[in-house]
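1. Sequence and predicted structure are below.
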Amino acid sequence: MKKILMIYTGGTIGMVNTPQGYAPQKEAFHALLDQLPELHSKAMPLWDIVDMDPLLDSSNITVVEWNAIGRRIAENYNAYDGFVILHGTDTMAYTASALSFMLRGNGKPVILTGSQIPLCEIRNDARDNIITALLIAAGGQVHEVCLYFGGKLLRGNRTIKYSADDLIAFESPNYPALAEAGIAIRYNRAALLPPSRGSFSLQPLENFPIGVIKVFPGIQFELFDSIMTERLRGIVIETFGAGNIPGHANSLLPIIRKASENGTIIIVCSQCPHGTVSLGAYETSSALKEAGAVSGYDITTEAAVAKLYYLFSRGLSTDEIRVRMERSMRGEITIEPGAEEEV
């Protein structure tokens, strides 16, 4: 029988109502889990649960917590067949992206899930998300970091939080679902990553200075000149469409060129959830490429940030990081099947 470790980090799924509003309480949450007969059915895998300390609203998750979750998985990697991480929804896509890079050579299912309504409420989405995530983790089909929510299994580093109040809270705009849970769990085997050929290891992340700028009409780029110092290691620029910036943005290009010369990695992503960046396809994006920016193609901002943290933490050179940001390492960018490069 498969054995799964659940890691409870906090978030709505395990919260209970208190005089101060919803708050995570591990004892109350464990009691609620024990009261679910489905979790103790013979059809379910064996499971244990451990709690992060402190339990957090996911808006407070940082690199420190990513490292703590990664260590829990690494310490128990050989003792369990898979892992389910119970997490708040606000930053779940960031955590899923980070873990996809941190868990080098991972060949086991790591499934993040949570809920929009706490398990303590009569009407909730927590129950199905927990049960199905456990079944997927024990199913033997998945060998990567994923996010299960609202009936769909998505690649972790392809997800974005789409809705703050719908029960289908996440989408994978540029990659198909890995599985859909209806009457049966139907896997899209062609979309799944194969088991890693490398040996497992954990790469902890260092908290490097990284920023995100979202372009908007009338943006005054000179306001950002003061942050483009040698201390800034990486920046993600969310541009219009396929990588376009305002045509009058002559003030941006010297800033980008200066930052690139200082060793800052500039990654261009699109504000459009669906589609890809193509630097040079339009005149307004050619200048970014000439100034030293690199294309993120169809990577999400969440995955771009996590990937920058990871590559800097690997101690790679600036030139090597620029190259790696334009290549797929964990299926985070759409390329030819089988072309992922593990780093």
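-> Yep, that arrived.
2. contacts, neighbours, all on C-alpha from now
-> Fine.
3. Report the helix or strand with the lowest average pLDDT across the chain.
-> Every helix and strand in the chain was compared by mean pLDDT, DSSP states H and E; the lowest is helix 283-290, with a mean of 75.
4. name the helices or strands packed onto that one?
-> helix 252-261 (3 or more C-alpha pairs under 8 Å, 6 or more residues apart in numbering; DSSP states H and E).
5. What residues sit buried inside the helix it packs on?
-> 252, 253, 255, 256, 257, 258, 259, 260 (16 or more other C-alpha atoms under 10 Å).
6. contacting residues around the next helix or strand after it?
-> Using DSSP states H and E, the helix or strand that follows helix 252-261 towards the C-terminus is strand 265-270. Residues outside strand 265-270 that contact it (C-alpha atoms under 8 Å, 6 or more residues apart in numbering): 233-243, 256, 259-260, 276-277, 292-301, 304, 318, 321-322, 325.
7. Could you pull up the mean pLDDT of strand 265-270?
-> Mean per-residue pLDDT for strand 265-270: 93.
8. Tell me what angle it forms with helix 252-261.
-> For strand 265-270 against helix 252-261, the angle by axes from the mean of the first three to the mean of the last three C-alpha atoms, to 10 degrees is 130 degrees.
9. Adjacent strands (with direction) for strand 265-270?
-> Looking at strand 265-270 with DSSP bridges, its partner strands are strand 234-239 (parallel), strand 294-295 (parallel).
10. Let me see the mean pLDDT of stretch 19-30.
-> In this model, stretch 19-30 carries a mean pLDDT of 87.
11. before we move on, what about stretch 141-153?
-> Averaging the model's pLDDT scores along stretch 141-153 yields 97.
12. Contacts for the helix or strand hosting residue 132, please.
-> In the assignment (DSSP H and E), residue 132 maps to helix 126-138. Helix 126-138 is contacted from outside by 2-4, 13, 38-39, 44-45, 81-84, 109-119, 142, 148-151, 181, using C-alpha under 8 Å, 6+ apart.
13. roughly how far is that helix from the heart of the chain?
-> Remark: helix 126-138 is offset 19 Å from the chain centroid, using C-alpha atoms, centre = their mean, to the nearest Å.
14. Any of the contacts of helix 126-138 buried? List them.
-> 3-4, 13, 39, 44-45, 81-84, 109-119, 142, 148-151, 181.
15. And the chain, what are its domain boundaries?
-> 3-202, 210-325 (automatic domain parsing).
16. so how far does the last one reach from one end to the other?
-> Right, domain 210-325. With C-alpha to C-alpha, to the nearest Å applied, domain 210-325 spans 14 Å between its terminal residues.
17. And the longest one, by the same measure?
-> The stretch domain 3-202 measures 21 Å between its terminal residues, going by C-alpha to C-alpha.
18. Before we move on, what's the pLDDT of residue 226?
-> 77.
19. what about it, how many neighbours?
-> Neighbours of residue 226 under the rule other C-alpha atoms under 10 Å: 8.
20. quick one: secondary structure of it?
-> helix (DSSP: H, G, I helix; E, B strand; the rest coil).
21. show me the contacts for it.
-> Contacts of residue 226 (C-alpha under 8 Å, 6+ apart): none.
22. my read: residue 176 touches residue 190, true?
-> No. If you go by C-alpha atoms under 8 Å, residue 176 and residue 190 don't touch, sitting 9.9 Å apart.
23. of the two, who's got more company?
-> Ranked by neighbour count (other C-alpha under 10 Å), residue 176 and residue 190 place residue 176 first, with 17 against 10.
24. mind checking the SS state of that one?
-> The three-state assignment at residue 176 reads coil, by three-state DSSP.
25. State the distance from it to residue 166.
-> Taken as C-alpha to C-alpha, the span from residue 176 to residue 166 is 20 Å.
26. swap in residue 33?
-> In terms of C-alpha to C-alpha, residue 33 sits 24 Å off from residue 166.
27. Mind checking which of those two has more residues around it?
-> Using other C-alpha under 10 Å as the criterion, residue 33 and residue 166 rank with residue 33 on top: 17 against 10.
28. Helices of the chain, residue ranges please.
-> 26-34, 63-75, 92-102, 126-138, 252-261, 283-290, 301-313, 318-325 (DSSP state H).
29. give me the low-pLDDT residue ranges for the stretch 101-250 of the chain?
-> Within the stretch 101-250 of the chain, the stretches with pLDDT under 70 are 247-250.
30. Okay, strands next: where are they in it?
-> Here the stretch 101-250 of the chain has its strands, by DSSP state E, counting those that start in this stretch, at 103-104, 110-113, 145-149, 152-155, 160-161, 170-171, 179-181, 185-187, 201-202, 210-214, 234-239.
31. Turn the ones you listed into JSON lines, including distance to residue 53.
-> Below are the strands of the stretch 101-250 of the chain laid out as JSON lines (distance: least, C-alpha to C-alpha, whole Å):
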{"stretch": "strand 103-104", "distance to residue 53": "21"}
{"stretch": "strand 110-113", "distance to residue 53": "18"}
{"stretch": "strand 145-149", "distance to residue 53": "22"}
{"stretch": "strand 152-155", "distance to residue 53": "27"}
{"stretch": "strand 160-161", "distance to residue 53": "25"}
{"stretch": "strand 170-171", "distance to residue 53": "26"}
{"stretch": "strand 179-181", "distance to residue 53": "32"}
{"stretch": "strand 185-187", "distance to residue 53": "33"}
{"stretch": "strand 201-202", "distance to residue 53": "20"}
{"stretch": "strand 210-214", "distance to residue 53": "26"}
{"stretch": "strand 234-239", "distance to residue 53": "30"}
